[in-house]
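Asker: return atomic coordinates for the entry below.
(chains A, B, C and D)
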Amino acid sequence: MTILFYIAAAVAVLATLLVVTRRNLVHALLYLVVSLFAVAVVFYTLGAPFVAALEVIVYAGAIMMLFVFAVMLLNLQAASPPRVPWTAWVGPAVLVGVLLAEVIYALTIETQPLAGAEVGATAVSEALYGPYVLAVELASMLLLAALVAATHVAARAREDQTAASVERGRAVLHGQGTASEPGVIVEEGDA
Amino acid sequence: MAWYWQLLIVLGVLIAALTIAAGLIWYERRLLSLVQDRYGPNRVGPAGLLQVLADTVKIIFKEDWVPPFADRRVFVVAPSLVLITALLSFMVVPVAEGWVVIDLDIGLLFILAMSSLAVYSVVLAGWSSRSKYSLVGGLRAAAQMVSYEVFMGLSLIGVVALAGSFDLGDIVEAQEGLWYVVPQFVGFVVFLVAGLAETRRIPFDLTEAESELVAGYHTEYSGMKFGLFLVGEYVAITLFSALIATLFFGGWLGPWLPGVVWFLIKTFIFITLFILIRGTFPRPRYDQLMALGWKAMLPLSLLNLLITGAIVVARAG
Amino acid sequence: MLSLLWLIPALPAAGFVLLVLLNRRLGRAGAAWIGAGSVGLSMLAALLVCGSFIVSPPAGDACRQVLWTWMDVAGFTPAIGFYLDAVSVVWVLVITVVGFLIHLYSTEHMEHDEGFTRFFTYLNLFVFSMLVLVLADNLLLLYLGWEGVGLCSYLLIAFWQKDPQNVYSGRKAFIVTRVGDTALIAGLFLLLTQLGTLEIQPLLRAAEQTWAPDSTVAVVAALLILGGAVGKSAQVPLQTWLPDAMAGPSPVSALIHAATMVTAGVYLIARTTPLFELAGDARLAVALVGIVTLLIAGFSALVQHDLKRALAYSTISQIGYMILALGVSGWEAGVFHFGTHAFFKALLFLGAGVVIEALAGEHDIFKMGGLARKLPAVFVTFTVGAAALAALPFVTNGFYSKDLVISTTLGTADGNVWLYVGSILGAFVTTLYSFRLVWVVFFGEAHTEVTRRPRWRQTMPLWVLAVFSIITGFLWLPAWIGAFHPLEDFLDTALPPIEWTGRYAHFAESAGAAFVIILIVYGGIFLSYLLWVPWRRGTHAFAASPVVRPLAAFWLGGWGFDWLYERVFVRPVKWFAHWARHDLVDYVVDGIAWVNLAGWRTLSAGQTGRLRSYVAVAGFGVVLVLAVVVLR
Amino acid sequence: MASVSLEHALILAAILFAIGFAGLLTRRNLIVVLACIEIMLNAAGLAFVAAGARWGQADGQVMFLFVLAMAGAEVAVGLAIAIRFRQSLKGLDVDDADRMRG
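Answerer: Residues are numbered from 1 along each chain as shown, chains lettered A, B, ... in the order given. Now for the predicted structure:
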């Protein structure tokens, strides 16, 4: 298990590095899938099989699929900005290096072994629908809000429709049209 | 368990899955011919049984050609994914009591994970070919499979709730008294439809609809790379038949005969069902396919889940 | 039988859901069957449940049914639970019976309206919310119903939304009651933080145990609850929305703005009786609100010429009586008056609805007249209602309940002579304006043609309500008539009985006090006959005389409350907004803007609009903070 | 299983986070920027799971599930923005969207 952890960790780091350096969008996203898959293996070695499965199903299977789908459908590859010169990497690399050094220093002050017990799907579910149930509700609301927002942002045709209906309401208000349906908005000042 | 016993199971499952998949090609062609009132392949070997072998030899010796305009690396990787994911899924399917490659607690989730990765195979094949028919086929596959995966997962949650485990072995054992096809009939129907869509079989083969997209995502493929798609499809059919048998029809359970025989019989019945469906149904339009998924199957599986959940909770007190 | 309690609110809720889902697919007949039928079934359920409650009371004279836990957060576990005791029985019976009659009436009254289905959808939602309000076993659920009825009230006042005026009225009702609701929710927070629960019965017990009588916190809590009641029940100073609420259809006025919703405040105070018993000052405030309201509204009703507005002011005034009774610890008298008022006021509004419909939408009473012969059924029933409102002695329910209320103002320990005199004066004014309506609308010469006559679905509820307006009074006869008071015995199981311990208690309970009222009522009726039948010209001339006219106009406008609020709240805000936009303040605003602008110019150097530079700065910050934490 | 120590798992999370962060600092392609955010979220999730594994508690995994939900929401909105971005700015360069500069 230990050796598996280090292999998976190496794969994850390597693949992630390729994600941020590849210029080909689809290739980069595929490396991200590989990275996520490797992290899933890491989860498994850490005794969290349920989350490992979800990482593959949701992250690699659904979220990244959405990415790939969007890139292919809209041919976003063609819209990519030009390649950055390698010098652009120097500053960020230094900054991130310092950050990483600090974090690693902080983490290695003391060593803590893992509990080594596997925490299965049942335990996670019981925690999820027990003390965390309110957070689950909030998460569902977040997803709903994201759904609405994404629909609203991405659908341009809808916007024109809304504008037209507002325009029609104005016309009715100023006596230039007829209210064909109940529920026409009446403006504040006329009341 | 001794290591040689484990190795035997591994090899057994691998060889059996591949053999059955190969045999299926012949079986499907013969059965479809029967449906369409003609002979089918009957020249090579007894009753045409060696036809598959001949085809395999031919396909292996074909030139391994990659179109110059294709994205070479992705083009090569894509076909292998479909076979790998399907074969990996077989790891957690129990063939008989204790006859399983790896007894994973999250077996069912593992299968879902593999099937969600299988999408990439088709999508990447379509994209890397750099041809418009392939791309459209790949995009169709992406939307179709991601959509149908949603309620494929949901339809299985009913089974999981009843059995109280993701482990396929446990699920089979929980069906000792009653096969889940009875309490989970809706789940079974939804899973069957989702299985058809996930394997991209007629009537859900819009990804390779030959009348509009030439051959869809594998238009540019030839030789053994095409062969992988072909074999991958048949392995996937075998897998889904095995899953239906395991999840809804009691897997290896049955009187008199040994478990593995029962398992094979049940799997074979559903393979036949898959082929007969191919021989019977017309292909829907793409929007109809999506409407069926989101407006019929998804609410149905949610309703099923709701009722199952209520019953499970009520029974638990 | 008591286990069917949940059915009472569930049936209208089911009706509402059906109407929402089927909406367009439902014809008028279907909508009417579902809308009225669900409330009818609810009425049957209520009769069964309350009947069994009355015949064989459960242990503790109350029953509680918990359906499920609403939420469970940090030890706060309000339940979706219902609580039935004598008080809620009275309300449930009135809501379902009157509600059903009004639904039945509406099927005919609204039959040509294009929003027919929508109307019943709202009405069913209202009945459901109101039942939740009165059946709730905790204040949070009660508040849900409270806001639910507020929402329905808003939707139904603005029902004919094509006229901006109606929408404006609806909005006014919503906003004004919101002021009270804010007080109420503040009260709920106070109760929750102080007593740790919102479940009504444990809460009241905890209040009695933890709070000393007349302690500040008890008074504040009671006053906040009173604030909610004042808003919902249209009492001074938040009464201004109710007259405008008459923009809604007549059945709505009858059901929501006369019989049920506006009495939610009375219910709330009666429900939290022990809390008010702990707070003498709050009780005094309740009594003052009641007496002031009943007088102000009574005088306003006297000069209205819109039939429905006159009735609206009379509603405010009568609720003033209920609140007054609650304020002098005459809890049961308040509940009794609620019960009788619901019947006769619903009757009056429904009658007014028929009249207005018959005259093709005419609201002005001086353009009516002579309807006694043309609409005999309405005439008879409306007169019964007006007589009950005027407290015509012995035969109407209004007499018994109002007599009881007036007696309590003198007879209980909290009562005093001033309240007594005020309520007597109010009763006199009530007789004047109620019979004024009868004389002006049904006698004299006709000014408008009758174009439509009611059919059975409109007249039947009128007759039923008229019968109720007579017989319900006999449930509690005063001591000097006989010892027949089943309602009092029943209410005693839930509310503290009226204690006749005041200085004039002996007189208040005697026939003598009743004699005063009888005298007042007959005198008032006779005077109103003189004023509006033989002397009508003289009355008009008197009202138009320069001395009286401003006063009449003042009363007509509801004692200038709208005028006052317009000047105190609305205009200053608008004016300030205007001034701040165009005038001196501009310099201050510009100055602030300039300072900001200067600050922005200096800071905006960092605003490159580039995501990456922002991220980089954030990264530097993290590095610095981490360095401080790690290397310390 | 027990021989993997907590800080190794956390260091892996830190490295992944750092790579994602470096990508965020350097790359101008909006899609890659979104992918980098995904990397960082995933790294945070990994830290949660590792910490949960330290104590053998389910809480870490629960937190990862919330991270997952957040990532899903972020991607939905992010890709919608990317589509509009492409429509209105004819490209995917995040540096083009500097109209809000001071």
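Asker: quick check: the residue nearest the centre of chain A vs chain B, distance?
Answerer: Closest residue to the average C-alpha location of chain A: A:I63 at 6.8 Å, with C-alpha atoms, centre = their mean. Applying C-beta to the nearest C-beta, to the nearest Å, the value for A:I63 to chain B is 10 Å. Heads up, the C-betas are built off the backbone N, CA and C, glycines and all.
Asker: quick one: residues contacting the nearest residue to that residue once chain neighbours are set aside.
Answerer: Of all residues beyond its chain neighbours, the one nearest A:I63 is D:V75 (5.2 Å), with distances taken as C-beta to C-beta, 6 or more residues apart in numbering or on different chains. Contacts for D:V75 were tallied using C-beta atoms under 8 Å, 6 or more residues apart in numbering or on different chains; they are A:I63, A:L66, A:F67, D:L34, D:E38.
Asker: do a quick rundown of the helices in the stretch 451-600 of chain C.
Answerer: According to DSSP state H, counting those that start in this stretch, the stretch 451-600 of chain C carries its helices in the segments C:456-471, C:486-492, C:505-509, C:511-532, C:536-544, C:548-556, C:561-565, C:571-582, C:585-603.
Asker: same question but for the stretch 51-200 of chain B, I mixed them up
Answerer: Using DSSP H, counting those that start in this stretch, helices in the stretch 51-200 of chain B cover B:51-60, B:72-89, B:107-128, B:132-163, B:168-174, B:185-198.
Asker: chain center to the last one: distance?
Answerer: To tie it back to what came earlier, the one meant is helix B:185-198. On the basis of C-alpha atoms, centre = their mean, to the nearest Å, helix B:185-198 sits 11 Å off its chain's mean C-alpha point.
Asker: list the buried residues for it?
Answerer: Within helix B:185-198, the residues that count as buried by 16 or more other C-beta atoms under 10 Å in any protein chain shown are B:186-198.
Asker: same thing with the second one?
Answerer: Neighbour-count burial for helix B:72-89, with 16+ other C-beta under 10 Å as criterion, is recorded at B:74-75, B:77-79, B:81-89.
Asker: quick check: the two most widely separated of those residues?
Answerer: B:F75 and B:S89 (24.1 Å; C-beta to C-beta).
Asker: which residues touch C:F442?
Answerer: Neighbouring residues of C:F442 by C-beta under 8 Å, 6+ apart: C:G369, C:G370, C:L371, C:A372, C:F379, C:F382, C:T383.
Asker: restricted to helices, list those residues.
Answerer: Among the contacts of C:F442, the members found in helices (DSSP state H) are C:L371, C:A372, C:F379, C:F382, C:T383.
Asker: average pLDDT for the host helix or strand of C:Y168?
Answerer: Assigned by DSSP states H and E, C:Y168 falls within helix C:164-195. Averaging pLDDT along helix C:164-195 yields 90.
Asker: which strands and helices sit next to it?
Answerer: helix C:139-157, helix C:200-210, helix C:216-232, helix C:241-244 (3 or more C-beta pairs under 8 Å, 6 or more residues apart in numbering or on different chains; DSSP states H and E).
Asker: can you tell me which of those helices comes nearest to chain D?
Answerer: helix C:139-157 (27.8 Å; C-beta to the nearest C-beta).
Asker: from the helices of the stretch 451-600 of chain C, which stretch is densest packed?
Answerer: helix C:456-471 (a mean of 20; mean count of other C-beta atoms under 10 Å in any protein chain shown).
Asker: distance between that one and the chain's centre?
Answerer: With C-alpha atoms, centre = their mean, you get 22 Å for helix C:456-471.
Asker: quick revisit: closest one to C:G411 out of the contacts of D:V75, please.
Answerer: Of all the contacts of D:V75, A:I63 has the smallest distance to C:G411: 75.3 Å, by C-beta to C-beta.
Asker: A:Y31 versus the closest one, what's the distance?
Answerer: According to C-beta to C-beta, to the nearest Å, A:I63 and A:Y31 sit 15 Å apart.
Asker: would you convert the helices of the stretch 451-600 of chain C into TSV that also reports distance to B:S121 and mean pLDDT?
Answerer: Listed next are these as TSV, based on distance: least, C-beta to C-beta, whole Å; pLDDT from 0 to 100:
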stretch	distance to B:S121	mean pLDDT
helix C:456-471	69	90
helix C:486-492	77	86
helix C:505-509	93	81
helix C:511-532	92	88
helix C:536-544	92	81
helix C:548-556	82	80
helix C:561-565	71	80
helix C:571-582	64	77
helix C:585-603	52	83
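Asker: and those: which comes nearest A:Y44?
Answerer: Here helix C:585-603 is closest among these (C-beta to C-beta), at 48.6 Å.
Asker: helices or strands up against the helix or strand that comes right after the closest one?
Answerer: Next in sequence after helix C:585-603, counting helices and strands by DSSP H and E, comes helix C:611-631. Here helix C:611-631 touches helix A:90-107, helix D:6-26, going by 3+ C-beta pairs under 8 Å, 6+ apart.
Asker: could I get the average pLDDT for helix C:611-631?
Answerer: Helix C:611-631 shows a mean pLDDT of 84.
Asker: in chain A, which spans are helices?
Answerer: A:2-21, A:25-45, A:49-54, A:64-73, A:90-107, A:121-128, A:133-154, A:156-173.
Asker: how about the fourth one, does it get close to chain D?
Answerer: This points to helix A:64-73. Yes: Helix A:64-73 is in contact with chain D by C-beta under 8 Å from any C-beta of the partner chain, via A:L66, A:F67, A:A70, A:V71.
Asker: with distance to C:G248 added, can I get the helices of the stretch 451-600 of chain C in a markdown table?
Answerer: Putting the helices of the stretch 451-600 of chain C into a markdown table (distance: least, C-beta to C-beta, whole Å) gives the following:
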| stretch | distance to C:G248 |
| --- | --- |
| helix C:456-471 | 17 |
| helix C:486-492 | 31 |
| helix C:505-509 | 39 |
| helix C:511-532 | 28 |
| helix C:536-544 | 29 |
| helix C:548-556 | 21 |
| helix C:561-565 | 18 |
| helix C:571-582 | 27 |
| helix C:585-603 | 41 |
